[in-house]
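[1] Any chance you can model this:
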Amino acid sequence: MTPRKRRWFDILAWAALAALVLVTAAHLATRPPAMPAFDDVHADWRPSEAWLYDREGQLLDSERVNFERRRLAWVPLKDISPAVRAAVVQSEDRRFWSHGGVDWLAIASAARARWTGDRSRGASTLPMQLAAFLDPGLAQPGKRDWRTKLRQMRAGQALAADWSHEQMLEAYFNLVPLRGEAQGIGAGAQSLFGKKPAELNRTDAALFAGLLPNPATGAEALGRRACRIAKEKDCSAIRAAAATLVSGEHAARFDPALAPHLAVRLLDKPGKRVTTTIDRRIQTAAIVALRRQLAGLGADRVRDGAVVVLDNATGDVLAYVGGVGLKSTASQVDGANAPRQAGSTLKPHLYAQVIEHGWLTAASILDDSPVQLDTASGLYVPKNYDHSFKGPVSVRHALAASLNVPAVRALVIDDVQQFRDRLWALGYHGLVEDGEYYGFSLALGSAEVSLVEQANAFRTLANMGKWSPVHFTDMRDDREVPRQIVNPAAAFIVGDILADASARTDAFGADSALRLPFWAAAKTGTSKGMRDNWCIGFTDRFTVAVWVGNLEGDSMRAVSGTSGAAPVWRDVMLALHAGNPGKRPTMPEDVETRQISLPGTREPPRREYFLRGTAQTEMAAAPQAARRPRITSPVSGSVYALDPDIPLERQRLAITVSGSVAGYRLILDKKPLGDADAGQQILPRPGVHMLTLVDPGGRMIDRVRFTVR
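    Okay, the predicted model is just below:
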């Protein structure tokens with residue numbers, strides 16, 4: 001080889017090496033990220049929403065859980081309108097079905113248009129765009145250089161090599177970013193068009209495709225582009241539809257929004273689907289009844305309300321309305337779960353307890369007259385709702401007419417701690433303090449409870465004293481065996497009193513909202529300061545609980561038990577029992593009836609129910625609290641201070657017990673102290689102490705707590 005030929009050979013070799021180096025460098029510089037498999041993309045999809053369904057599997061509500069992007073469920077290609085598929089392919093990548101990820105004809109056409117200065121169509125294919133959705137690094141803002149484009153092309157080719165065209169198109173429709181925060185055709189079809197993806201028509205398809213180059217485009221530009229895609233001569237309809245789309249008119253939620261507060265309570269993870277025990281028909285009836293009542297009362301009187309309906313047999317929550325909006329100033333607060341003051345709604349549980357102990361009967365006479373009770377915090381002076389007193393009244397009349405003073409006298413006969421423990425057993429788990437904390441006002445509902453707790457406690461009375469938890473979801477294998485909390489006979493008698501329209505006539509009138517054309521028991525209540533109004537009641541099959549008030553805590557105006565919550569309760573009960581009226585419960589074996597007269601009262605003779613063994617034919621005097629043995633000193637809640645200047649032996653504390661206490665014993669801090677009638681004196685050490693009085697059979701009769709410092 002001549003020197004000249006050798007020189008040319010060396011030059012060519014170096015040129016080839018340089019070209020190889022350049023190609024290798026370009027190859028490395030434009031290497032795209034690894035593309036995932038279609039199945040992995042599909043499996044990793046996480047909607048931003050969670051969904052709530054009724055007992056029949058129909059959608060009740062949805063809840064936004066992830067706020068980064070609004071995504072709905074993954075939409076299969078077969079569930080996307082053919083018009084949309086055709087419009088997107090035609091406008092974005094017309095040779096999509098024939099190329100391998102890169103449309104070389106489109107690239108050549110774009111290069112020629114740039115060279116000649118003509119208008120360029122663009123050469124980015126659907127696989128190239130999809131690759132950028134899968135790895136945002138392939139389409140970083142401000143980077144449109146040759147290296148980025150080559151990386152997109154290579155990524156598109158990689159996708160086309162591993163995925164089918166159907167898979168690429170399906171993933172494209174689900175990952176494409178749309179107007180606002182919507183991502184994917186599921187969220188886009190709902191928020192932009194108010195439709196499902198399968199329901200989009202040709203005009204919708206043209207608008208959808210017209211949004212893709214610039215989702216934030218205005219109505220005029222969108223209308224022009226959509227008209228070109230649709231190839232319509234008259235574009236007036238498309239321009240009008242574009243204006244509607246841009247205005248956000250369809251951006252409202254697509255779901256029925258029938259249980260938003262329950263959705264918040266049960267939906268906590270994106271993509272979660274919960275099938276509840278809610279009956280859509282009953283839920284709708286409760287919403288309609290509550291909305292109608294609140295609208296009729298007016299926002300200047302009361303703004304909020306809630307309804308809960310339970311199936312007595314199963315504990316299933318058939319309706320859960322935490323609020324209906326309207327002019328509420330706290331519409332996001334769940335009124336069905338918010339703790340509110342109970343008012344008179346706890347009285348049935350108090351009377352059930354004293355009746356089951358045999359301390360009172362439905363015919364026992366209680367004195368409705370002024371009373372002052374000495375407590376650790378001072379005198380407690382209960383008053384009735386109407387600030388009047390009725391004199392001697394039977395327990396039936398006192399409970400049915402919701403008299404306050406007799407209820408407090410009943411609690412004195414019972415025991416505050418025992419009553420608090422009974423309420424806890426009934427599911428009122430907001431009562432976390434002991435009985436002394438609440439005091440005698442617990443009889444009048446000074447404690448805070450929720451509407452769900454109220455409903456289930458009254459359901460216990462409907463079920464003859466058997467308690468079991470409520471159920472929001474259908475989990476039949478995880479249901480507790482009902483526990484007997486209230487004596488069946490006492491529950492029956494209290495239920496009969498609550499269903500006695502004649503017994504409540506003096507307080508509520510002969511034809512109040514509580515009177516239904518079939519058997520139903522009900523109790524109303526109003527809290528201190530007119531802040532809460534309740535109506536809870538039951539039939540043989542359903543328990544309905546209603547609360548109305550103002551969630552911000554301000555008082556209602558001119559709203560009482562029968563004018564506030566009761567009309568809603570009545571409407572829901574009538575809807576529940578349409579064509580199938582409520583039936584009177586079967587009398588338990590431990591209940592007997594007796595004709596009784598009540599001399600000295602305004603009540604006529606009647607036939608009354610009694611626990612077996614407690615029946616009488618005449619009831620002329622009320623059992624006074626003093627007749628039942630009680631610890632009168634020390635007073636519960638008292639604080640005693642030891643004086644260092646007085647000898648310790650002279651600072652003993654005398655214990656006094658009222659009533660006949662032969663055979664009764666005293667227990668101090670769980671240790672026997674001696675006979676109750678022995679005039680006991682104690683010298684307790686500093687600290688908190690519990691003194692208990694028990695009868696000869698060992699049953700606790702009274703208990704007080706005091707402190708020595």
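[2] Show me which residues of stretch 550-562 are buried.
    550-551, 556, 559, 561-562 (16 or more other Cβ atoms under 10 Å). Every C-beta, even on glycine, is put in place using the N, C-alpha and C of the backbone.
[3] got it, and stretch 562-582?
    Quick answer for stretch 562-582 (16+ other Cβ under 10 Å): 562-577, 582.
[4] From the centre of this protein outward, give me the first residue you hit.
    residue 262 (3.6 Å; Cα atoms, centre = their mean).
[5] which of the buried residues of stretch 550-562 sit farthest apart?
    Spanning the widest gap among these are 551 and 562, at 21.8 Å by Cβ to Cβ.
[6] Quick check: residue 686 touching residue 708?
    Yes: assessed by Cβ atoms under 8 Å, residue 686 is found in contact with residue 708 at 5.1 Å.
[7] Count the neighbours of residue 590 for me.
    15 (other Cβ atoms under 10 Å).
[8] cool, residue 670 as well?
    Residue 670 - counted by other Cβ under 10 Å - has 7 other residues nearby.
[9] Tell me who's in contact with it.
    Residue 670 sits next to residue 690 when contact means Cβ atoms under 8 Å, 6 or more residues apart in numbering.
[10] Quick check: it vs residue 633, distance?
    20 Å (Cβ to Cβ, to the nearest Å).
[11] Next: residue 531.
    37 Å.
[12] Any stretches of the stretch 301-450 of the chain with poor pLDDT?
    Low-confidence segments of the stretch 301-450 of the chain (pLDDT under 70): 371-381, 383-388.
[13] would you list every one of the helices in it?
    Counting by DSSP state H, counting those that start in this stretch, the stretch 301-450 of the chain has helices at residues 347-356, 395-400, 404-413, 416-425, 435-438.
[14] Tell me which of these is the most buried.
    Highest mean neighbour count of these: helix 395-400, a mean of 28 (counted as mean count of other Cβ atoms under 10 Å).
[15] just checking, what packs against that one?
    For helix 395-400, the packing partners by 3 or more Cβ pairs under 8 Å, 6 or more residues apart in numbering; DSSP states H and E come out as helix 347-356, strand 365-368, helix 404-413, helix 488-498.
[16] Report the distance from it to the chain centre.
    34 Å (Cα atoms, centre = their mean, to the nearest Å).
[17] Can I get it in PDB, CA atoms only?
    C-alpha atoms of helix 395-400 as PDB (Å, rounded to 0.1, in the frame of the first residue of the first chain):
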ATOM      1  CA  VAL A 395     -94.300   7.100  87.400                       C
ATOM      2  CA  ARG A 396     -96.300   6.500  84.200                       C
ATOM      3  CA  HIS A 397     -97.500  10.100  84.100                       C
ATOM      4  CA  ALA A 398     -94.100  11.500  85.200                       C
ATOM      5  CA  LEU A 399     -92.200   9.700  82.500                       C
ATOM      6  CA  ALA A 400     -94.800  10.200  79.700                       C
END
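[18] Spatially, which residue comes closest to the residue nearest to the centre of the chain, not counting chain neighbours?
    residue 320 (4.6 Å; Cβ to Cβ, 6 or more residues apart in numbering).
[19] go on, residue 660?
    residue 629 (6.7 Å).
[20] and that neighbour, how far is that from residue 693?
    Taking Cβ to Cβ as the measure, residue 629 falls 6 Å from residue 693.
[21] how about stretch 508-520: buried residues?
    508, 512-516, 519-520.
[22] burial count for residue 92?
    19.
[23] In this structure it contacts residue 126, no?
    Yes: using Cβ under 8 Å, residue 92 is in contact with residue 126, at 5.9 Å.
[24] Look up phi and psi at residue 546.
    Here is the backbone geometry of residue 546 (degrees, to the nearest 10): phi -130, psi 140.
[25] how close does the nearest residue to it once chain neighbours are set aside sit to residue 454?
    Once flanking residues are discounted, residue 546 sits nearest to residue 565: 4.2 Å by Cβ to Cβ, 6+ apart. Distance check for residue 565 against residue 454: by Cβ to Cβ, it reads 11 Å.
[26] Then residue 508?
    In terms of Cβ to Cβ, residue 508 sits 19 Å off from residue 454.
[27] what's the answer for residue 232, then?
    Taken as Cβ to Cβ, the span from residue 232 to residue 454 is 61 Å.
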